[in-house]
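Colleague: please find the sequence and the predicted model below.
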Amino acid sequence: MTLHFRNRAEAGEMLAEKLARYAGSPDALVLGLPRGGVPVADAVARRLRLPLDVFVVRKLGVPGQEELAMGAIASGGVCVMNDQIVAALRLADSEVALVRAREQLELERREHQYRSGRPELRVKGRTVILVDDGIATGATMRAAAMALRKGGAGRVVVAAPVTAHTARGDLGDVADDFAAVLQPAFFQSVGQWYSDFTQVTDGEVAALLAASPAGAGGPADIRGDPRLGRT
């Protein structure tokens, strides 16, 4: 029988079992990629008794070929560029700047909506468990992992309930650890492995984050949070 997750929350519970070694780690935090990765990350954070936060990544698509990424920008002002693509397509600095400015506005909009009132995200020296609801091509996860490394994360753990069977190898150069529940040989889309793959709204992301302790600081930031069983 082919395993399907009922929803993202169940998928997160099952993924947490693959990440049990990080439970209660004082330097670890869980970051969800919006939008669909946040409900999964919330379930992982709850099970592992770790703080939850969001990491916003915006792909920089090539003008006229938007599905082709020439780079990405991420939370914390990080920009990662694929210089080979930029050079091969002879993209002018002005073209790159225009795309980056447009995506920066959207990133800031999402940051404000998702993280309004939360402390500045700090990952330097920490173990970051980066969670999405699935990994198909791996482009977004790769950009996020590279951005976290550039931001000084001590250890980057890539995790998703279902991934293409090549994902572990494809992301091995940017991830220190990798976790998945399913890695099917025949993979068409992330949604095919969920009974309920309803689109997650900005409001749902904000609500999940509001109910969770911020992951910006060190262990002192989460003391006394009843969800984590600390006093």
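Modeller: Okay, I see it.

Colleague: can you count the residues close to Ala97?
Modeller: By other C-beta atoms under 10 Å, 10 other residues sit near Ala97. Where you see a C-beta, it was placed from the backbone N, CA and C, and this is true even at glycine.

Colleague: mind giving me the packing neighbours of the host helix or strand of it?
Modeller: Assigning secondary structure by DSSP states H and E places Ala97 in helix 93-115. Applying 3 or more C-beta pairs under 8 Å, 6 or more residues apart in numbering; DSSP states H and E, we find helix 93-115 packed against strand 52-54, strand 57-62, strand 65-74, helix 202-210.

Colleague: could I get the ones you listed as TSV with mean neighbour count and mean pLDDT?
Modeller: Converted to TSV, the helices and strands packed on helix 93-115 look like this (neighbours: other C-beta atoms under 10 Å; pLDDT from 0 to 100):
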stretch	mean neighbour count	mean pLDDT
strand 52-54	26	94
strand 57-62	21	88
strand 65-74	18	82
helix 202-210	17	92
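
Colleague: out of the ones you listed, which comes closest to Leu98?
Modeller: strand 57-62 (10.2 Å; C-beta to C-beta).

Colleague: got the CA positions of the helix holding Ala97 in CSV?
Modeller: This file holds the C-alpha atoms of helix 93-115, laid out as CSV (Å, rounded to 0.1, in the frame of the first residue of the first chain):
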residue,chain,number,x,y,z
ASP,A,93,23.3,44.3,-14.0
SER,A,94,20.2,46.4,-14.5
GLU,A,95,18.1,43.4,-15.3
VAL,A,96,19.3,41.5,-12.3
ALA,A,97,18.7,44.5,-10.1
LEU,A,98,15.1,45.0,-11.3
VAL,A,99,14.2,41.4,-10.5
ARG,A,100,15.9,41.6,-7.1
ALA,A,101,14.1,44.8,-6.2
ARG,A,102,10.7,43.3,-7.1
GLU,A,103,11.3,40.1,-5.2
GLN,A,104,12.7,42.1,-2.2
LEU,A,105,9.4,43.9,-1.9
GLU,A,106,7.5,40.6,-1.8
LEU,A,107,9.9,39.2,0.7
GLU,A,108,9.5,42.2,3.0
ARG,A,109,5.7,42.0,2.7
ARG,A,110,5.8,38.4,3.8
GLU,A,111,8.3,39.0,6.5
HIS,A,112,6.1,41.8,7.9
GLN,A,113,3.0,39.7,7.8
TYR,A,114,4.6,36.5,9.1
ARG,A,115,7.1,37.8,11.6
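
Colleague: so how far is it from its chain's centroid?
Modeller: The chain centre lies 17 Å from the centre of helix 93-115; the measure is C-alpha atoms, centre = their mean, to the nearest Å.

Colleague: tell me what the helix or strand just after it is packed against?
Modeller: Of the helices and strands lying after helix 93-115 in sequence (DSSP H and E), the nearest is strand 127-131. Applying 3+ C-beta pairs under 8 Å, 6+ apart, we find strand 127-131 packed against strand 28-32, helix 37-48, helix 139-150, strand 155-162.

Colleague: each with direction, which strands does strand 127-131 pair with?
Modeller: strand 28-32 (parallel), strand 155-162 (parallel) (DSSP bridges).

Colleague: list the residues that contact the residue most central in space within the chain.
Modeller: In the chain, the C-alpha nearest the mean C-alpha coordinate belongs to Leu33, at 3.1 Å (C-alpha atoms, centre = their mean). Counting by C-beta atoms under 8 Å, 6 or more residues apart in numbering, Leu33 touches 41, 54-55, 57, 130-132, 140-141, 144.

Colleague: next, give phi and psi for it.
Modeller: phi -90, psi 120 (degrees, to the nearest 10).

Colleague: cool, thanks, signing off.
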